[in-house]
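**Q** Provided below are the primary sequence and the corresponding predicted coordinates.
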Amino acid sequence: MSDSILNRYAGRMGGSLAENRFAAATERPAEADALEEFAAFAQLRGLRERAIMLELRKTDGSITAIGYGYLERAEYCPAEGITLHVLGQKIRLKGRNLNSEARPSARLFEGITRHKVAWVREADHRESMMADEGETIIDSIDL
């Protein structure tokens with residue numbers, strides 16, 4: 001009986017319960033497809049996708065994650081980089097092309113302000129020197 005009630009409600013949605021479950025499962029992209037990775041950062045795709053935390057990956061292998069809920073303010077200054085104010089503490093990302101398009105509609109600073117950046121990564125010296133001129137590079141993460 002409960003199955004027929006579910007099918008009745010599912011029928012209002014335009015199909016059987018099994019069809020609607022399949023449609024719901026295939027509607028959202030797979031997690032690997034939802035994350036677009038660049039050399040310096042990874043950004044979530046999709047209008048509804050949001051990161052809960054921002055990972056700060058240093059060249060020495062250490063990782064610090066900060067909750068987007070604690071991010072009070074973000075500032076971008078071309079000369080100084082990106083400054084994140086988290087619980088009265090300043091985190092500074094220094095580098096180049098920090099607000100340039102990595103691809104159309106994918107910018108590091110804009111992605112941070114929209115809670116779409118999952119991680120940022122510090123580049124080592126060799127990587128920084130060999131990067132293309134227009135590529136986003138993070139030279140240092142100062143905590």
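**A** Nice, thanks for sending it over.
**Q** residue ranges of the strands in this structure, please?
**A** 35-37, 41-44, 53-57, 63-67, 71-77, 81-86, 89-96, 101-103, 106-107, 117-121, 137-142 (DSSP state E).
**Q** report all helices and strands that the third one contacts.
**A** Packing partners of strand 53-57 (3 or more CB pairs under 8 Å, 6 or more residues apart in numbering; DSSP states H and E): strand 63-67, strand 117-121. For every residue, glycine as well, the C-beta is placed using N, CA and C.
**Q** just want the angle from it to strand 89-96.
**A** 60 degrees (axes from the mean of the first three to the mean of the last three CA atoms, to 10 degrees).
**Q** over to the last one?
**A** Angular relation of strand 137-142 and strand 89-96 on a 0 to 180 degree scale: 160 degrees, by the same axes, to 10 degrees.
**Q** parallel or antiparallel, which strands does strand 137-142 pair with?
**A** Using DSSP bridges, the strands paired with strand 137-142 in its sheet are strand 89-96 (antiparallel).
**Q** angle of the strand it pairs with against strand 117-121?
**A** Interaxial angle, strand 89-96 versus strand 117-121 (the same axes, to 10 degrees): 70 degrees.
**Q** so what touches strand 89-96?
**A** 40, 56, 66, 80-84, 108, 120, 123, 136-143 (CB atoms under 8 Å, 6 or more residues apart in numbering).
**Q** that one to strand 71-77, inter-axis angle?
**A** 30 degrees.
**Q** so what's the gap between strand 89-96 and the chain middle?
**A** 17 Å (CA atoms, centre = their mean, to the nearest Å).
**Q** that one to strand 63-67, inter-axis angle?
**A** 120 degrees.
**Q** hmm, back to that, just the buried members of the contacts of strand 89-96?
**A** Neighbour-count burial (16 or more other CB atoms under 10 Å) applied to these gives 40, 56, 66, 81-84, 108, 120, 123, 136-139, 141.
**Q** isn't residue 53 right up against residue 68?
**A** Yes - assessed by CB atoms under 8 Å, residue 53 is found in contact with residue 68 at 6.6 Å.
**Q** right, I'll leave it there.
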